[in-house]
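Q: no sequence for this one, just the structure:
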């Protein structure tokens, strides 16, 4: 068995086939990762930071090869892949900064008090890395959500070891990235086996069930994610499975915003919905808008261009969904864009449906259609859409376009969207995700398997860390993070108060 | 169908039977909880704090009735139940203080920067309550881990609504507690339906599958916990299930500690292992000790007294396990204690086994035996036990007894115990759990279903909170926690740094 890359523009094979990883090799890599974890987790945070910086620099140093390889097997284009690789290396550097700042380990110290009920001994708590982490690469971000993307970067930063199941749509990019990362880790004196890449569907099935694996991160489809999630939970010792599965990203355009700036909104929408040929988890696939703006939205889509999609299956599935909607009695086609004459090309498409019809067919019309298509639900009064919003499936984002005179309506809409969405955007678009402490990429099922955790942004590191408390422990034997003198100078929560004490 | 309480001292029924909650009533209570959650989650944290204080005061005000009822159906004794109730009300007050301090919502603000890759808009993140929470009461802490115990207190504090599945072993205590809490919430003007109590096994099965329920907390057996865990995960929309299932709490007594203070260690051990008739999740059920101290441990157990256990099933299961061990070829009986002549009484028992035999039968000899029994594994050299410790099943605690000359060995032992335990105790005993930010009650499976979260201590609140990010949102429309001026004066993480800014 082997994994073959393809050029989505031509449909022809790209590169040599990569051998699928055998079960015994998966086992060997997991055992090696466990050994590496024991050593890596004992490294100081600042030493791990230097290694992350080195990995970032080495990836930047081979950017030309990485970008050209990824472009050949994803067709995402050199400009997009250039910024995506930079985002990926900046993400590694962001976690290096987090490690240097140090407070991410959430040190908490409580003084003894014998007079309260129950009496309190000296207790000191911090976070510790969980162990070996399984990472399942996404197809749509061959750098930022793949081999050394946000899951891998946050897990290595946390002090965990990582085994990456590469995505079958970009085996050559995975192999090249893996080679560079492995070399950089070795040059940084990181323990051998800390990071490895495996290939083929069966290897991923084996991985999530391996006893050494203590948690998993996944970005992909609801079907594939659910299957692995069920395997993780049916283990004799279940492990946390953090999956990001699907999202329709509703956008509400309020009446005055639609009236005041129709072409700006329509242009922003068309750009967002066609970005990466619509293959973004945060693609704005569902709009609520007054019918007055539909013409402008349609014109913008007509002017827009699609492109080759990531793989044949995704293209077939997108074309088939668009075809089904085009022949549906429920919705009507507003506009289609163009696409270059490429093997697996997808064309932008916009559909519309009146609110009443949408409400009556909500489940059917809120299925994610991965690609550059969207559905506009036309409404007359804002009050009519309010009760519908919280009935939408869980989603990564919710967006409002409002004018200054519509603050009350914007708040009412946000209060409903908050129940189903992890990130709320005002007068913007959901595609494009910042790297920051305050970023949140998650939401109720099926947006993510666990609404409590984010898979992008600094807090993503908390998926790979578990607390340990030291009770009445001699100061000199404590980890430095918990010693009385605070030798690392980090912010800690002491007797309930956060400070550098 | 109804649930009948029993007096464990006599084996006779106690109180009137309580009617089992029907499926339709569970549904009604979940819907009412959802409505209440929408209102309660919009309350300010300080207003919720006042209500928690009121609930605590009311429970204290009816302590006599509560303690006498609980004593009649648990036989835990008035002194223990008196401190347990006080611990329960202090736990409510602790969360009230956490709400007033305010930083628990983890506000994070990052400034815009258009020049980085990817560009960063203004993003602001805080935690929000998840929704309706299902709480499954434990039998062994009829106050502190039951109707209004740590799960309920932390969930109400978070802004969630709670439906409690009461434990079948103390229906009258549950009903009285429920009555007081419901009245206090009403008097505090909390929304109707915010909190309710249900009865009977089927009601608990219905509850964890109800679409309105967004997370569950559980304390109990591996069997019962796993069954509910599997139901939670097999929902069309899986929900987080936080279970605390079982723990053997290994204790390592180092040679010099054993030689220096045998009677102090033996006395502390006997007190800890018989506390609450051994029915503590943190019961020290497994010791590693030099054979020199076994005689002292045995003498202390001989002098110790058991008592009536919580219910007939638990008593039968304990007696049968002790009987099996007593007739086992693998271990030998060191000592038994006494027990009053009560219907469901359990006697303390101590067994021993050489390290080699233990290692060869590790899985069999590390099954939790809920009750006042322990197994001493005798060793010759500390180096021999080191490789065994990390092979033990996941556990809530790990304890070391060491002398000042044994710091190196204590650290080596702790480094191994840390892999399997959530809390490490030095020269103490694991029973007795402080209320504090730094407390941690969790560990790898089966100690808890999710090693990342704690079910006791302030961070237990994070099980019921999910992040939401506001992107480029008008300042005036943001929740006060995220507004620029920081009107609540809470500590926030701004551009990566924690401070009151």
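A: Here it is on my side, so go on. This structure is a prediction, so every number in the text was calculated from the model and none was measured.
Q: can we go C-alpha only for contacts and neighbour counts from here?
A: Will do.
Q: For the helix or strand harbouring residue A:334, name the packing helices and strands.
A: Secondary structure from DSSP states H and E places residue A:334 in strand A:332-336. Packed against strand A:332-336 by the contact rule (3 or more CA pairs under 8 Å, 6 or more residues apart in numbering or on different chains; DSSP states H and E) you find helix A:294-302, helix A:312-326, strand A:349-354.
Q: and the last one, which strands flank it?
A: With DSSP bridges as the test, strand A:349-354 is paired with strand A:332-336 (antiparallel), strand A:373-379 (parallel).
Q: just checking, what packs against the helix or strand following the strand holding residue A:334?
A: Counting by DSSP H and E, the next helix or strand C-terminal to strand A:332-336 is strand A:345-346. Here strand A:345-346 touches strand A:307-308, helix A:312-326, going by 3+ CA pairs under 8 Å, 6+ apart.
Q: Pipe these into TSV and attach mean pLDDT and distance to chain B per row.
A: As requested, these are exported to TSV (pLDDT from 0 to 100; distance: least, CA to the nearest CA, whole Å):
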stretch	mean pLDDT	distance to chain B
strand A:307-308	96	23
helix A:312-326	96	23
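Q: would TSV of the ones you listed with mean neighbour count be doable?
A: TSV is the format used below for the helices and strands packed on strand A:345-346 (neighbours: other CA atoms under 10 Å in any protein chain shown):
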stretch	mean neighbour count
strand A:307-308	27
helix A:312-326	17
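Q: could these go into TSV alongside distance to residue B:495?
A: Shown next, in TSV, are the helices and strands packed on strand A:345-346 (distance: least, CA to CA, whole Å):
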stretch	distance to residue B:495
strand A:307-308	38
helix A:312-326	39
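Q: count of neighbours near residue A:163?
A: Number of residues near residue A:163 (other CA atoms under 10 Å in any protein chain shown) recorded here: 27.
Q: Report the secondary structure state of it.
A: strand (DSSP: H, G, I helix; E, B strand; the rest coil).
Q: Tell me how far it lies from chain B.
A: Plainly put, residue A:163 is 20 Å away from chain B if you go by CA to the nearest CA, to the nearest Å.
Q: Test my guess that that residue contacts residue A:137.
A: No: in this structure residue A:163 lies outside contact range of residue A:137 using CA atoms under 8 Å: 10.7 Å.
Q: What values do phi and psi take at residue A:437?
A: Reported as degrees, to the nearest 10, the phi and psi values for residue A:437 are phi -60, psi -40.
Q: wait, it sits on residue A:462?
A: No: when contacts are counted by CA under 8 Å, residue A:437 is not listed as touching residue A:462 (11.6 Å).
Q: what stretches of chain A score poorly on pLDDT?
A: Counting by pLDDT under 70, chain A contains no low-confidence residues.
Q: Report the residue ranges of every domain in it.
A: A:25-111+A:120-245+A:451-465, A:250-426 (automatic domain parsing).
Q: Just want to know which of residue A:437 and residue A:462 has more residues nearby.
A: Taking neighbours as other CA under 10 Å, residue A:437 and residue A:462 compare with residue A:437 leading, 25 against 20.
Q: Contacts only, for the more buried one.
A: Residues counted as contacts of residue A:437 (CA atoms under 8 Å, 6 or more residues apart in numbering or on different chains) are A:457-459, B:108-110, B:493, B:495-496.
Q: Of those - the most surrounded one?
A: residue B:109 (27 neighbours).
Q: A strand includes that residue, no?
A: Yes: counting by three-state DSSP, residue B:109 is found in a strand.
Q: Quickly list what it is bridged to.
A: Counting by DSSP bridges, residue B:109 forms beta bridges with residue B:124, residue B:494.
Q: mind checking how far it is from residue B:419?
A: 34 Å (CA to CA, to the nearest Å).
Q: which helices and strands does the helix ranked longest in chain A pack with?
A: Counting by DSSP state H, the longest helix found in chain A is helix A:78-101. Where contact means 3+ CA pairs under 8 Å, 6+ apart, helix A:78-101 is packed against helix A:45-61, helix A:63-74, helix A:150-158.
Q: can you list these in CSV and add mean neighbour count?
A: Formatted as CSV, those follow (neighbours: other CA under 10 Å):
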stretch, mean neighbour count
helix A:45-61, 20
helix A:63-74, 21
helix A:150-158, 28
